[in-house]
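# What follows is a predicted protein model with its sequence.
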Amino acid sequence: MTNHSLGKAFLTAQTWALLVVVLFTTRPLLAQPTPDSDPRVAKAVASVSESRLRQLVQQLAAFGTRHTLSNSTSSTSGIGAARQWIFDELKRTSPKLQVSFDTYQLAPQGRILREVELRNVIAVLPGRSPRRIYVTAHYDSVNAGGVASVTRPVGQAAVDPQMRADQEFDTPAPGANDNASGTALTLELARVLAESGMEFDATLVFALWAGEEQVSIGAHAHAARLAADKTTVVEAVFNSDIVGNSRGGNGVVDAESVRVYSEGPEDSMSRAIARYVQARGAVYLPSHRVRLMARADRFSRGSDHMAFNQLGFAGVVFREANEDFSRQHAQADVVEGIDFAYLAQNTRLSLASVASLAVAPPAPRVNDAKGASTIGRQPSGYDANLRWDPSPTAVTYRIYWRDTWTNDWQHSQVVGNVTTVVLPNVSIDDFVFGVSAIGPSGSESLISPYVAVSQRLPDVKMAP
Ligand SMILES: [Zn+2]
């Protein structure tokens, strides 16, 4: 972010921001919004264990396969042994975690070639409020013939190896990176956050999905149950899928960055989560670059967060910097392909984001009962009038703004414990505005953006 090219708009923004300073606060204007560091979060980030991540990935890969349709009765190999071990590991981790299987009897459909019992593994860490933050990864794996199933040449006929009736579900599919890496990351967040002694406002849900390789069927079933329930508030989904390898199949090595994908449009709450991750990364893990990707996932590929997105829940996915396609969906996805120092960095980033959000108040509501944004031009008709509903536990609020033709918030200002701010003679047509809630410890919520409801013209009626 740079202010050099903002020109006249920036000067205008500064001019009226100074007005806000005079009107609402004694804190200095922040040119580049950065959150404060919370020592509790920093301590939790520092307690991530690289050696535990290694043990977890080794154990998960040792089940031979975790294919959703593989052996469910063996105690040493296949999906049954894997899910029971994940369940037991969460139980062992902390008595604060409420561990359960989330079970579905699936009919044959798509790549689910026969009836099967699918089990997600869920661990809940209750917070003061019922609003939920999901930390998720799929634990199932697949051997679908490797690279051909990932990088199909342009124009080649689409043959889905997972649709073949004669396939063998117990063939080796160690899935060390896809996705024992994300599973280990999630299990490590469960351990650190449960043991941290921190009091969370949000209820944390650690979810390990099955059926991702059959198009996110486990996550989709769970999200559909949440959507039907209508009372559960899911604030954010942090999904990790393939986060442990730093050497791309093209030889490019990058252990210093990670990609975070989020669905549009630019002021969706999924994008708000992505920006939140980048801002926390800058505070708690400045050496690790967060590369935000303005799309739901990699080109024509997907994961479990998209099942949530499809049902209206905000969520993002973490993806390693450079993938090695030759290992994916193949017997070659082995532990030797994992860079555990890199996986630990990605774990720290996810942890910093999740912990910060979980201790913060919920984001302020900036929509009225009909869904319209609570922003207007009053009182002169040429002012920016921002209103929001008070957020429980908030002690102050921070407003944000940016040019409309940019993605990152450019300016912010703490405005005190108010629920209305008027910016005289500032055009709501020329800037995007948002507001966050800040709790007693300085912890900050997601930023709620003011978004105009898109208007659809009625069809033109012609005379007969
Ligand atoms: Zn995956």
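Done, it's in. Note that this is a predicted model, so its numbers are computed, not measured. Residues are numbered from 1 along each chain as shown.
# now D403, which residues is it bridged with?
When bridges are called by DSSP bridges, D403 pairs up with F431.
# Report the closest residue of the stretch 201-350 of the chain relative to the ion.
In the stretch 201-350 of the chain, the residue that lies nearest the ion is D241 (4.2 Å; C-beta to the ion). No exception for glycine: its C-beta is placed from N, CA and C like everyone else's.
# For P35, see how far away that residue is.
26 Å (C-beta to C-beta, to the nearest Å).
# Tell me which of these two has more neighbours.
D241 (29 against 21; other C-beta atoms under 10 Å).
# List the contacts of the more buried one.
137-138, 178-179, 182, 212, 303-304, 317-319 (C-beta atoms under 8 Å, 6 or more residues apart in numbering).
# near the ion, from the residues you listed?
178-179 (C-beta under 5 Å from the ion).
# Output the contacts of D241 in CSV; the columns should cover neighbour count, secondary structure and pLDDT.
Listed next are the contacts of D241 as CSV, based on neighbours: other C-beta atoms under 10 Å; DSSP: H, G, I helix; E, B strand; the rest coil; pLDDT from 0 to 100:
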residue, neighbour count, secondary structure, pLDDT
A137, 31, strand, 98
H138, 29, strand, 98
D178, 29, helix, 97
N179, 31, helix, 98
G182, 34, helix, 98
E212, 28, helix, 98
S303, 29, coil, 97
D304, 32, coil, 98
V317, 32, strand, 98
F318, 27, strand, 98
R319, 24, strand, 98
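# Show me the strands in the stretch 201-350 of the chain, by range?
With strands called from DSSP state E, counting those that start in this stretch, the stretch 201-350 of the chain shows them at 203-209, 234-240, 257-262, 289-293, 315-320.
# which helices and strands sit right next to the lengthiest helix in the chain?
Longest helix of the chain, by residue count under DSSP state H: helix 340-359. If you count contacts as 3 or more C-beta pairs under 8 Å, 6 or more residues apart in numbering; DSSP states H and E, helix 340-359 packs onto helix 39-46, helix 50-61, strand 132-138, helix 181-195, strand 234-240, strand 257-262, helix 269-284, strand 315-320.
# elements contacting the last one?
Other elements packing on strand 315-320 under the criterion 3+ C-beta pairs under 8 Å, 6+ apart are strand 234-240, strand 257-262, helix 269-284, helix 305-310, helix 340-359.
# repeat that for 10 Å
strand 132-138, helix 181-195, strand 234-240, strand 257-262, helix 269-284, strand 289-293, helix 305-310, helix 340-359 (3 or more C-beta pairs under 10 Å, 6 or more residues apart in numbering; DSSP states H and E).
# Identify whichever of the ones you listed lies nearest to V421.
helix 269-284 (19.1 Å; C-beta to C-beta).
# Reformat the helices and strands packed on helix 340-359 as JSON lines; add distance to V366.
Output for the helices and strands packed on helix 340-359, formatted as JSON lines (distance: least, C-beta to C-beta, whole Å):
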{"stretch": "helix 39-46", "distance to V366": "26"}
{"stretch": "helix 50-61", "distance to V366": "39"}
{"stretch": "strand 132-138", "distance to V366": "20"}
{"stretch": "helix 181-195", "distance to V366": "29"}
{"stretch": "strand 234-240", "distance to V366": "15"}
{"stretch": "strand 257-262", "distance to V366": "19"}
{"stretch": "helix 269-284", "distance to V366": "11"}
{"stretch": "strand 315-320", "distance to V366": "20"}
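# How about the residues of this structure by the ion?
178-179, 241.
# check contacts around the closest residue in space to D339 that isn't next to it in sequence.
If you skip the residues right next to it in sequence, D339 has S246 as its closest partner in space, 4.1 Å away by C-beta to C-beta, 6 or more residues apart in numbering. Taking C-beta atoms under 10 Å, 6 or more residues apart in numbering, we find S246 in contact with 252-258, 320-322, 324, 337-343, 345-346.
# Would you map out the domains in this structure?
4-31+364-449, 39-148+168-359 (automatic domain parsing).
# Pull up the distance across the last one, start to finish.
This points to domain 39-148+168-359. 12 Å (C-alpha to C-alpha, to the nearest Å).
# low-confidence ranges in this protein?
1-34, 147-158 (pLDDT under 70).
# if you set the cut-off to 50 instead, what comes out?
Applying pLDDT under 50 to the chain flags the ranges 1-31.
# How many neighbouring residues does A307 have?
Residues near A307, counting by other C-beta under 10 Å: 27.
# for V159, that is, sorry about that
11.
# show me the residues around W409 that make contact.
1, 32-33, 272, 275, 279, 398-402, 432-434, 436, 447, 449 are the contacts of W409 under C-beta under 10 Å, 6+ apart.
# Mark which of those are buried, thanks.
33, 272, 275, 279, 398-402, 432-434, 436, 447, 449 (16 or more other C-beta atoms under 10 Å).
# so what's whatever residue of the stretch 1-150 of the chain ends up closest to the ion bridging to?
Closest residue of the stretch 1-150 of the chain to the ion, C-beta to the ion: H138 (5.6 Å). Bridge pairing for H138 (DSSP bridges) gives the partners W209.
# got a list of what it touches?
66, 68, 120, 175, 178-179, 182-183, 186, 207-213, 216, 218-219, 239-241, 303-304.
# ok, 6 Å please
179, 209, 212, 304 (C-beta atoms under 6 Å, 6 or more residues apart in numbering).
# E89 should be in a helix, yeah?
Yes: applying DSSP: H, G, I helix; E, B strand; the rest coil, one finds E89 inside a helix.
# How many neighbouring residues does it have?
20.
# Drop anything exposed from the contacts of S246.
255, 257-258, 320-322, 324, 337-340, 342-343, 345-346.
# Strands along the stretch 351-464 of the chain, start to end?
Using DSSP E, counting those that start in this stretch, strands in the stretch 351-464 of the chain cover 375-376, 384-387, 396-403, 411-416, 420-423, 431-438, 448-449.
# go on, the stretch 1-150 of the chain?
For the stretch 1-150 of the chain, strands defined by DSSP E, counting those that start in this stretch occupy the ranges 98-106, 116-125, 132-138.
# now, of those, which is deepest in the fold?
strand 132-138 (a mean of 27; mean count of other C-beta atoms under 10 Å).
# Specify the angle between that strand and helix 340-359 in degrees.
160 degrees (axes from the mean of the first three to the mean of the last three C-alpha atoms, to 10 degrees).
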